[in-house]
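Novice: After the sequence you'll find the predicted model.
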Amino acid sequence: MNIRKLVSFKCNNKLQWGILDGDEVYSAENLSHAISVHLPENLLDFISLGPNGLNRLKAKLKKEHCVIKSLNIDAITITAPIMNLRRNIFCIGENYVEHVGEFEKNFNMEIQKKLPSCPVIFTKAASAIIGPEELIDSHPMITKALDYEGELAVVIGKTGMNISAENAMEYVYGYTILNDVSARDLQSKHGQWFHGKSLNTFAPMGPCILLKDEAPSFFEIMTKVNGEIRQHATTKEFIFSISKIIQTLSEGTTLYAGDVIATGTPSGVGVGFTPPKYLRSGDLVEITISDIGTLSNSVK
């Protein structure tokens, strides 16, 4: 069994978590029985054990030579990896050079000659989280400018404050995909981003958590709408690295295991086109990030 990815899922109306290996899922419940180890009931609590919890599980699996019953991925329903976040999702805005230009241009803002000098930080309500294949509510009575933002999200693995950039990656547990769904008209109306990004269902997340040690040196991100490529970039294009983001967020603020940080979106969002290509009911949004997988959600 290769421990690269962790998932949360529903089976027989019961929320569980486990190890994803190819098309097979080894549930925490089955693992507990097979190797006689106690595992928390949900993935957030397991992540909260930090690296030690993961290392103990790996060591136990390596030591025990036994058959562990698996579930085929087609027989279960994959959910967002962490459904019960303890607080809002941390988000970074304007973290790709080209996105800064398209965003400011289409919001009738004066394009700055200089890029941001420090990370642009906001939050997104945890109550907006949904999983793969769940429907994004278009909220037609509230917004007429529904947009997508494909993003790499970082999952924090241990508690810390005032973390240095040099040590920041020690606090990363893994990575997942997040669609920072946004109502552009609400963003403009309120002069800030929280409300326009926090409507129910505006945070599709998943399909898994790729463990940090299994991650590539950089990620490739691609967003498609109805099969059309809208966004295509790599994290080598970040303005601020993950280490810098963690350093900044932790200045005087405690980061906890299980916190999620969305690292920003590349150019190609709907508002960046002329005329804008906003989402409509029936549209399919697919965000693929190398080594993690694809997060797919349709618009209701």
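Specialist: Received it, and whenever you're ready, just let me know what you need.
Novice: When you work out contacts or count neighbours from here on, use the C-alpha atoms and nothing else.
Specialist: OK.
Novice: residues near the closest residue to residue 48 other than its chain neighbours, how many?
Specialist: Once flanking residues are discounted, residue 48 sits nearest to residue 257: 5.0 Å by Cα to Cα, 6 or more residues apart in numbering. Residue 257 has 23 neighbours, counted by other Cα atoms under 10 Å.
Novice: got a list of what residue 7 touches?
Specialist: Residue 7 makes contacts with 17-20, 43, 78-81, 207-209, as judged by Cα atoms under 8 Å, 6 or more residues apart in numbering.
Novice: Buried only: go through these for me.
Specialist: Those of the contacts of residue 7 that meet the buried threshold are 17-20, 43, 78-81, 207-209, by 16 or more other Cα atoms under 10 Å.
Novice: which one of those is nearest residue 248?
Specialist: Nearest to residue 248 out of these is residue 209 (Cα to Cα; 23.1 Å).
Novice: That closest one looks like it's in a helix, true?
Specialist: No. With DSSP: H, G, I helix; E, B strand; the rest coil as the criterion, residue 209 is assigned strand and is not in a helix.
Novice: for it, what are its contacts?
Specialist: Counting by Cα under 8 Å, 6+ apart, residue 209 touches 5-7, 81, 155, 174-176, 292.
Novice: ok, the residues you listed vs residue 213, which is closest?
Specialist: So of the contacts of residue 209, ranked by how close each gets to residue 213 (Cα to Cα), first place is residue 174, at 8.0 Å.
Novice: pLDDT at the closest one, what is it?
Specialist: Residue 174 is assigned 99 on the pLDDT scale.
Novice: That one falls within a strand, correct?
Specialist: Yes. Counting by three-state DSSP, residue 174 is located in a strand.
Novice: which regions of the stretch 201-300 of the chain lie under the pLDDT threshold?
Specialist: Counting by pLDDT under 70, the stretch 201-300 of the chain contains no low-confidence residues.
Novice: could you show me where the strands are in it, in order?
Specialist: With DSSP state E, counting those that start in this stretch as the criterion, the stretch 201-300 of the chain has strands at 203-211, 220-225, 228-234, 260-262, 284-289, 293-298.
Novice: so who does residue 6 touch?
Specialist: 17-20, 81, 208-211.
Novice: switch to 6 Å and redo it
Specialist: 18-20, 208-209 (Cα atoms under 6 Å, 6 or more residues apart in numbering).
Novice: Tabulate the strands of the stretch 201-300 of the chain in JSON lines, adding columns for distance to residue 123.
Specialist: Formatted as JSON lines, the strands of the stretch 201-300 of the chain follow (distance: least, Cα to Cα, whole Å):
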{"stretch": "strand 203-211", "distance to residue 123": "11"}
{"stretch": "strand 220-225", "distance to residue 123": "22"}
{"stretch": "strand 228-234", "distance to residue 123": "22"}
{"stretch": "strand 260-262", "distance to residue 123": "9"}
{"stretch": "strand 284-289", "distance to residue 123": "21"}
{"stretch": "strand 293-298", "distance to residue 123": "21"}
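Novice: what's the closest of those to residue 71?
Specialist: Across these, closest to residue 71 is strand 203-211 (Cα to Cα), at 15.5 Å.
Novice: what about the helices in the chain?
Specialist: Counting by DSSP state H, one finds helices in the chain at the ranges 28-35, 43-47, 50-63, 97-106, 184-190, 194-197, 242-249.
Novice: If I take the third one and helix 28-35, what angle do their directions form?
Specialist: With axes from the mean of the first three to the mean of the last three Cα atoms, to 10 degrees defining the directions, helix 50-63 sits at 50 degrees from helix 28-35.
Novice: just to revisit the earlier point, out of the contacts of residue 6, which is nearest to residue 58?
Specialist: For the contacts of residue 6, the closest approach to residue 58 (Cα to Cα) belongs to residue 19, at 11.1 Å.
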